[in-house]
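Peer 1: Mind looking at a prediction? Sequence and model below.
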Amino acid sequence: MPYNNYPTLSGALNDLKKRGYTEDFNLEENCIVCSSKSLELKPEEFYIDEVHRFEGMSNPDDNSVIYAISSSSGVKGVLVDAYGPYAQAITPEMARKLRA
């Protein structure tokens, strides 16, 4: 899985958008959702192309991760989530997919 060393979360998001990851995904317990396309993707229907982690300099609670995601239907976008103690509760299947 490719990894670029981005200094900021916004820099990563801007670059990923330029590279075609234009949709915003939201994490649900057992899937990811793209509201603008009324699309719900189960773990077997999407791929994690890149993962970028960011740690808060002044506050360790500010841990974020960006997933660059593509789907079998050709939709590409990003999922921004917290990690560590503030990570959302998800099914074991989603955890295996996102935390592999």
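Peer 2: Arrived safely, thanks for sending.
Peer 1: contacts and neighbour counts: CA atoms only from here.
Peer 2: OK.
Peer 1: which stretches of the chain form helices?
Peer 2: Listed in chain order, the helices found in the chain under DSSP state H are 9-18, 92-98.
Peer 1: Going by mean pLDDT, which of those comes out lowest?
Peer 2: Note on these: helix 92-98 shows the lowest mean pLDDT, a mean of 87.
Peer 1: And that helix, what's buried?
Peer 2: Neighbour-count burial for helix 92-98 flags Met94 (criterion: 16 or more other Cα atoms under 10 Å).
Peer 1: Show the secondary-structure elements that it is packed against.
Peer 2: Packed against helix 92-98 by the contact rule (3 or more Cα pairs under 8 Å, 6 or more residues apart in numbering; DSSP states H and E) you find no helix or strand.
Peer 1: thinking again about what came up before, closest to Tyr47 out of the helices of the chain?
Peer 2: Comparison of these against Tyr47 by Cα to Cα identifies helix 92-98 as nearest, at 8.4 Å.
Peer 1: Go ahead and measure how far that closest one is from the middle of the chain.
Peer 2: Remark: helix 92-98 is offset 12 Å from the chain centroid, using Cα atoms, centre = their mean, to the nearest Å.
Peer 1: residues in contact with it?
Peer 2: Glu29, Asn30, Cys31, Pro43, Ile48 (Cα atoms under 8 Å, 6 or more residues apart in numbering).
Peer 1: May I have the beta-bridge partners of the last one?
Peer 2: So the one you mean is Ile48. Ile69 (DSSP bridges).
Peer 1: I'd like the distance between it and Asn14.
Peer 2: Distance of Ile48 to Asn14, given as Cα to Cα, to the nearest Å: 18 Å.
Peer 1: quick one: which of those two has more around it?
Peer 2: Set Ile48 next to Asn14 and count neighbours by other Cα atoms under 10 Å: Ile48 wins out with 18 against 12.
Peer 1: Appreciated, that's everything.
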